[in-house]
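A.B. asks: Kindly return the folded structure for what I paste below:
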Amino acid sequence: MPGDENGTPVTSSTAPAEPRQRLVTLDLEGVMTPEIWIAVAEESGVDGLRRTTRDEPDYDALMRGRLALMAEHGLTMSMVTDVIASLNVLDGAREFLDELRRRTQVVILSDTFEQFAAPFMRQLGMPTILCHSLVVQDDRIVDYRLRLPDQKRRAVEAFRALNYHVAAAGDSYNDSSMLRAADRGVWFHAPESIRAEFPQFGATDDYGELIDLLTAD
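C.D. replies: Purely as a prediction, here's the structure:
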């Protein structure tokens, strides 16, 4: 261990603080991809599946409702997979992510599921994503498994504990704890009601402005 002129060890608490490396965390649906459950609702005609994390802050209640509706209407994993295969990322999303990744490290933190996200990750150039998983039996979605409860917040806290400066962007209630945990939080494509409820965060609907907000000194 290095020491000072008197031979006293210099620890991280006494050494000069170094500028922190930067990291951006992003939500997926509504920020770079369409809302998958809304697309499933449109294809199946089950309007109850239009409800998203923009409407329901309680994620477990939202998912239990979705699973019940799928069971009631006999909707299969194959049907959902076909819907997802027909979707493209949002206009400008790939270009936005490519430019952001040229400037800084990026991790996608999403409450979607690995089975849903895979086609979009290929469209986006295989960025890193941390998300949940579905339990599928006989082509039916019967349950879901969280990677961690409140995983977006906990991931940001872990990155900051690793001495990263974290900027985060999302669009829904389930992103609010991620934005609060970050050094900088930005709403993107968020409804006015959510922006008004959390006015402490920046807000934009433009990818170029979002890059500037996330990478500003």
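
A.B. asks: And the nearest residue to residue 47 once chain neighbours are set aside, what's its pLDDT?
C.D. replies: For residue 47, the nearest residue in space outside its immediate sequence neighbours is residue 41; the separation is 6.0 Å by Cβ to Cβ, 6 or more residues apart in numbering. C-beta here means a position set from N, CA and C on the backbone, and glycine is covered the same way. Per-residue confidence at residue 41 stands at 96 (pLDDT).

A.B. asks: Any idea how many residues pack against residue 41?
C.D. replies: Using other Cβ atoms under 10 Å, the number of residues around residue 41 comes to 20.

A.B. asks: Can you name the residues that contact it?
C.D. replies: With contact set as Cβ atoms under 8 Å, 6 or more residues apart in numbering, residue 41 has these partners: 47-50.

A.B. asks: List buried residues within the residues you listed.
C.D. replies: Neighbour counting by 16 or more other Cβ atoms under 10 Å classes residue 49 among the contacts of residue 41 as buried.

A.B. asks: Save the contacts of residue 41 as CSV, and put in secondary structure and pLDDT too.
C.D. replies: As requested, these are exported to CSV (DSSP: H, G, I helix; E, B strand; the rest coil; pLDDT from 0 to 100):
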residue, secondary structure, pLDDT
47, helix, 95
48, helix, 95
49, helix, 96
50, helix, 94
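
A.B. asks: Relative to residue 96, which of the contacts of residue 41 is nearest.
C.D. replies: residue 50 (25.7 Å; Cβ to Cβ).

A.B. asks: quick one: the closest one and residue 90, what's the gap?
C.D. replies: With the distance defined as Cβ to Cβ, to the nearest Å, residue 50 ends up 18 Å from residue 90.

A.B. asks: Residue nearest the middle of the chain, spatially speaking?
C.D. replies: Centrality entry for the chain: nearest residue to the mean C-alpha point is residue 27, 2.3 Å, by Cα atoms, centre = their mean.

A.B. asks: There's contact between it and residue 109 in this structure, I believe.
C.D. replies: Yes - between residue 27 and residue 109 there is a contact at 6.8 Å, judged by Cβ atoms under 8 Å.
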